[in-house]
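Colleague: quick check, what structure comes out for this input:
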Amino acid sequence: METLGQRLSRLLAAKGVSQSELARNIGVSPQSVQLWVKGANMPKDDKLKACADYFGLTPAALKFGDDANVSPVNTVFPAVPLISWVQAGVWTEIVDNYMPGTGEELCPAYTSRPGGQAFALRVEGDSMVSHNHVSFPAGTILIVDPARAPAPGDYVIAKDVETQQATFKRLMQDGGRWFLKPLNTAYPIMAIDDPAIRVVGVVIEAQNVQKL
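Modeller: Numbering: from 1, shown residues only. Got it, this is the predicted structure:
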């Protein structure tokens with residue numbers, strides 16, 4: 001039987017966010033989320049609701065899961081087109097997301113509510129692989145929403161307007177300057193003060209697809 005802490009841990013991994021990021025989004029301390037995940041404490045009703053809203057669930061579904069025979073608020077999972085990294089570079093100029101040839105296939109979003117311009121990408125390479133809690137190995141499916149306003153700490157898709165190639169990194173700010181930071185320390189941090197580099201979407205869900 002899955003506990004609330006185990007359920008939270010699974011949802012965090014599926015969404016590709018850390019405990020600290022969840023804490024920041026729902027207005028609690030990282031230590032509080034850590035205690036919930038460990039099962040050492042339970043969130044109060046208002047924080048349970050805020051946490052459930054973040055994952056697109058009812059409070060009962062987050063607290064009891066299948067034991068309560070309840071389902072997420074979105075019982076029909078929205079699907080977005082899976083596109084290439086080159087297509088991602090020009091996606092915001094595409095009016096009809098489902099025009100022929102724009103998506104290899106449709107990917108359902110399980111823990112997020114993507115907007116009408118959202119798309120999916122399959123991670124390539126190892127620049128976003130780390131030994132920390134959050135890691136995005138090659139093959140991970142990203143759900144990206146261009147309508148979301150990016151904030152420091154978000155995982156984003158950015159593009160080079162000259163080559164129209166997209167890249168997946170974490171958006172960071174330091175001293176008024178903005179950077180794209182890889183999780184793999186073998187790769188360099190990229191400054192994006194250059195107007196040729198701009199963020200085109202925020203990653204709102206990550207799905208780790210593992211081969212058995």
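Colleague: beta partners for the residue nearest to C107 when sequence neighbours are not counted?
Modeller: Excluding its sequence neighbours, the residue lying closest to C107 (Cβ to Cβ, 6 or more residues apart in numbering) is A120, at 4.0 Å. Where C-beta positions appear, they are placed from N, C-alpha and C, glycine not excepted. Beta bridges link A120 to L82, I143, judged by DSSP bridges.
Colleague: distance of A120 relative to S84?
Modeller: Distance of A120 to S84, computed by Cβ to Cβ, to the nearest Å: 11 Å.
Colleague: again, but for A166
Modeller: Note on A166: its distance to S84, by Cβ to Cβ, is 9 Å.
Colleague: same thing with P43?
Modeller: Distance from P43 to S84, by Cβ to Cβ: 40 Å.
Colleague: more neighbours: these two, which one.
Modeller: Higher neighbour count among P43 and S84: P43, with 22 against 14, using other Cβ atoms under 10 Å.
Colleague: please settle this for me: is the more buried one part of a helix?
Modeller: No: read with DSSP: H, G, I helix; E, B strand; the rest coil, P43 is coil and lies in no helix.
Colleague: show me the helices in this structure, by range?
Modeller: Listed in chain order, the helices of the chain (DSSP state H) span 4-15, 19-26, 30-38, 45-55, 59-64, 85-88.
Colleague: and M190, which of those helices is closest to it?
Modeller: Closest to M190 of the helices of the chain is helix 85-88 (Cβ to Cβ; 15.5 Å).
Colleague: quick one: low-confidence residue ranges for this protein.
Modeller: 1, 66-77, 86, 88-104, 133, 193-194, 209-212 (pLDDT under 70).
Colleague: can I see the domain layout of it?
Modeller: 4-68, 79-207 (automatic domain parsing).
Colleague: what's the burial count for the closest residue to A147 other than its chain neighbours?
Modeller: Using Cβ to Cβ, 6+ apart and skipping residues adjacent in sequence, the residue nearest A147 is G115, 4.2 Å away. Per other Cβ under 10 Å, the neighbour tally for G115 reads 14.
Colleague: what sits against G115?
Modeller: 145-148 (Cβ atoms under 8 Å, 6 or more residues apart in numbering).
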